[in-house]
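>>> generate coordinates for the sequence data below:
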Amino acid sequence: MSQAIPDFTVQKTATPKPKPDPNTLKFGQTFTDHMFIMEYSDERGWHDGRVVPYAPLSLDPAAAVLHYGQEMFEGLKAYRAPDGRVLLFRPYMNAERARRSNERMCMPELDVELFVGAVRALVDIERDWIPEKEGTSLYIRPFMFADEAFLGVHAAHHYKFIIICSPVGPYYDAPGGGIHPTGIYVTRDYVRAAPGGTGFAKVGGNYAGSLKAQTEAAARGCEQVLWLDAVERRYVEEIGTSNAFFVINGTVITAPLHGTILPGITRDSVIQLLKSWGIPVAERRLTIDEVFTAGKDGRLSEIFATGTAAVISPVGRLVSSDETLSIGNERVGELAQRLYDALYGIQTGKLPDDRGWTLTV
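Residues are numbered from 1 along each chain as shown. You can find the predicted model right below:
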């Protein structure tokens, strides 16, 4: 699917940067030549959308985002297909999720077509930055924040919407490329989101609050954290910044979207693929005790996380304060590998997209 790109003002850089070596790309450390910026005010609405050279921002020290955290962000990727096309994966879902995040954070609505058009305009300018090596892509980070200068707790009247891009390798370094099992620490001391909070929105505060548990996970030799619910500390919710899936007795179980779970684009795609393959999927609450019991008696065959950054991330170990559970001999599970191959194949144009998930830039 392809549509005309909106006509934004474009200012090309006079000093283009050298492209990085695709064999040594780290996630989110290199940035392209340009960025997209657009302003909002109550009087004018969204205006002055433009592609400009990548550069530092100038903010008033009293900018509301610095004091009250009024902001949101998104994440998606662009891939280069074997025939040279540049593909985005389900960008309209990102635009809809951004709209819901904005509503929760009392920020102005950004039209879905305008969001996607801005992404396509920037990616079109930066298409030469999209690496072609297996496992690489161009990560796209749209974000919005309140830049009005004031001290006082209320919604701002002025905002910026910005998009930056970064050529990236795998989120987790896997020997030989591809995906590999990770270790996950089960925290009972900290929570990611509570009912009535911002768990379903993609906002920075959710991630800042996760860093303490992430530090503890790393100290225990784990890459990420398994979050439990905030009320009873019993029900599994997310893995790190990703949605969590558990395969028990042949059924794939994931937490329902009840307000504390981020509605992941990859999550939705995985559920659709599983159902089309005839694999049972249950969106239900699952206790951590059920997980450990199923692991011990052989009914738990796989755990994996899903998200834009890593696509599919298999889990090889669950580590709690008093025990460690090995899953699938700490190897990549058959279902996780099948899902990764299918999704990555569609995203990169190597497999046919019969669902209309990709958008050509």
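
>>> what does stretch 324-342 contact?
178-181, 247, 252, 270, 273-274, 279, 291-292, 295-296, 300-304, 306, 311-312, 314-319, 351 (CB atoms under 8 Å, 6 or more residues apart in numbering). No exception for glycine: its C-beta is placed from N, CA and C like everyone else's.

>>> only whichever of those are buried, select them in ChimeraX.
Per 16 or more other CB atoms under 10 Å, the buried members of these correspond to this ChimeraX selection:
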select :179,180,181,247,252,270,273,274,279,291,292,295,300,301,302,303,304,306,311,312,314,315,316,317,318,319
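
>>> restricted to helices, list the contacts of stretch 324-342.
Cross-referencing the contacts of stretch 324-342 against helices under DSSP state H gives Val270, Leu273, Leu274, Val291, Phe292, Gly295, Lys296.

>>> pLDDT score for the last one?
Per-residue pLDDT puts Lys296 at 95.

>>> what separates the residue nearest to it when sequence neighbours are not counted from Asn23, distance-wise?
Leaving aside its sequence neighbours, Lys296 sits nearest to Leu325 (CB to CB, 6 or more residues apart in numbering; 7.3 Å). For Leu325, the distance to Asn23 equals 35 Å [CB to CB, to the nearest Å].

>>> ok, the two, which is more surrounded?
Neighbour comparison, Leu325 and Asn23: the larger count goes to Leu325, with 20 against 9 (by other CB atoms under 10 Å).

>>> spatially, which two of the ones in helices among the contacts of stretch 324-342 are the most separated?
Spatial extent of these (CB to CB) is set by the pair Leu273 and Lys296 at 29.1 Å.

>>> next, count neighbours for His47.
10.

>>> so who does it touch?
Counting by CB under 8 Å, 6+ apart, His47 touches Met38, Glu39, Tyr40, Ser41.

>>> need the residues you listed in a markdown table with neighbour count and secondary structure, can you?
Shown next, in a markdown table, are the contacts of His47 (neighbours: other CB atoms under 10 Å; DSSP: H, G, I helix; E, B strand; the rest coil):
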| residue | neighbour count | secondary structure |
| --- | --- | --- |
| Met38 | 20 | strand |
| Glu39 | 16 | strand |
| Tyr40 | 24 | strand |
| Ser41 | 14 | strand |
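
>>> would you turn those into TSV with pLDDT?
Below are these laid out as TSV (pLDDT from 0 to 100):
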residue	pLDDT
Met38	98
Glu39	97
Tyr40	98
Ser41	97
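
>>> from the residues you listed, which single one is nearest Ile163?
Using CB to CB, Met38 is the member of the contacts of His47 that lies nearest Ile163, at 9.0 Å.

>>> in this structure the closest one contacts Arg50, no?
Yes - contact criterion CB atoms under 8 Å: Met38 and Arg50 qualify, at 7.3 Å.

>>> show me where this protein has helices.
64-68, 91-104, 112-125, 204-208, 211-219, 265-276, 288-296, 334-347.

>>> what's the closest of those to Ala156?
helix 64-68 (4.4 Å).
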